[in-house]
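Participant: Next one to model:
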Amino acid sequence: MTLPTALVIGPMKAGTSWIYQYLLTRQDVCLPAGIKETFYFDRYASRGDEWYRKHFSHYDPSCHKVIVEVAPTLFHSSDAPGRIRTSLGTVPLIVTLRDPIKRAWSHYMHLQRKGFTRKDLTSALEHFPEILDASLFDAQLERWCSEMPGSPLTVLRLEDLIADREAYTQALCEALDLPFQQAPEHLGETNAGGIPPSFLVAKLGRQAADIIRWGGGYRIVNFAKKVGLKDIFFGANGAQRIKPTEDEIALLAERLNEQIAWKERLYRSPEA
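Facilitator: Got it, this is the predicted structure:
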């Protein structure tokens, strides 16, 4: 049994679900068995490398070129770089960015959909600092480069995926040292956030799924999704999507002011 040779570290709500779905269509990529994210390097490190290895026990060197986990919660985790360095060494890292305000709002909607909070945005920012932390791209990237100096880091952008999916896929394949393979036409962004039909039902559904996953019951969770229980708990296709008000946009812009200026430099075309 072996461990990942590359990681997609996030952040959340910036296109990582698309990356996962794309890699899932390939026959030459080994992903965690039965689950998208193991949360090993941020939540479950105490379970040890042997527990983590079991997720990749199906690895077959005759067909798999790389072993990858798409783990978007790692981006804003202060403990993740050190744990990854200890367990995996210097592995390629892939980051996919998005407009920081849109990403932060989508993160907030994700927490709503999963039953973490019913608080208004101002209160949620206080109780869930990761809403902003995961949009502080400059500080987070600087931290990852500092703590993982030998790991090649590729930065992709969700806007590029929307504008030119083939070029985005090519860049992803190059980062993973994979031969280019066209993404299926039907492949689209998934895992949208929104307001669930019932906060209490969403909270109970999330807690039950977490307990089952903790015990290794991935097949049970996957079966529940297949028969439509996910839509019952959290709402179909992102539940009721809510757009931010002008005041909410202004609040996020104020909190992410320096980040927005950095984003404008990052996104500026070479000709500008």
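Participant: from here on, contacts and neighbour counts on C-alpha atoms
Facilitator: Noted.
Participant: Give me the residue ranges of the stretch 101-250 of the chain where confidence is low.
Facilitator: Scanning the stretch 101-250 of the chain with the threshold set as pLDDT under 70 gives 188-194, 199, 202, 205, 221-222, 224, 227-229, 231-240.
Participant: mind listing the strands for it?
Facilitator: Applying DSSP state E, counting those that start in this stretch to the stretch 101-250 of the chain gives strands spanning 153-157.
Participant: Helices of that one, residue ranges please.
Facilitator: For the stretch 101-250 of the chain, the helices defined by DSSP state H, counting those that start in this stretch occupy 121-127, 130-133, 137-147, 158-163, 165-175, 199-214, 218-226, 229-234, 246-255.
Participant: Who are the packing partners of the last one?
Facilitator: Here helix 246-255 touches helix 100-113, going by 3 or more CA pairs under 8 Å, 6 or more residues apart in numbering; DSSP states H and E.
Participant: between the helices of the stretch 101-250 of the chain, which gets nearest to residue 61?
Facilitator: The closest of these to residue 61 is helix 165-175. By CA to CA, the value is 18.2 Å.
Participant: who's in contact with the closest one?
Facilitator: Here helix 165-175 makes contact (CA atoms under 8 Å, 6 or more residues apart in numbering) with 92, 94, 154, 156, 160-161, 179-183.
Participant: make it 10 Å
Facilitator: By CA atoms under 10 Å, 6 or more residues apart in numbering, the surrounding residues in contact with helix 165-175 are 6, 19, 22-23, 92-94, 96, 152-162, 176-183, 185.
Participant: For it, output the C-alpha coordinates as PDB.
Facilitator: Provided in PDB are the C-alpha atoms of helix 165-175 (Å, rounded to 0.1, in the frame of the first residue of the first chain):
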ATOM      1  CA  ARG A 165     -11.900  24.200 -20.300                       C
ATOM      2  CA  GLU A 166      -9.500  22.500 -22.600                       C
ATOM      3  CA  ALA A 167      -6.600  24.800 -21.600                       C
ATOM      4  CA  TYR A 168      -7.500  24.400 -17.900                       C
ATOM      5  CA  THR A 169      -7.600  20.700 -18.300                       C
ATOM      6  CA  GLN A 170      -4.200  20.800 -20.100                       C
ATOM      7  CA  ALA A 171      -2.700  22.800 -17.200                       C
ATOM      8  CA  LEU A 172      -4.100  20.300 -14.700                       C
ATOM      9  CA  CYS A 173      -2.700  17.300 -16.500                       C
ATOM     10  CA  GLU A 174       0.700  19.000 -16.800                       C
ATOM     11  CA  ALA A 175       0.800  19.700 -13.100                       C
END
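Participant: how far does it sit from the chain's center?
Facilitator: How far helix 165-175 lies from its chain's middle: 17 Å, per CA atoms, centre = their mean, to the nearest Å.
Participant: Which positions within it qualify as buried?
Facilitator: 165-166, 168-172, 175 (16 or more other CA atoms under 10 Å).
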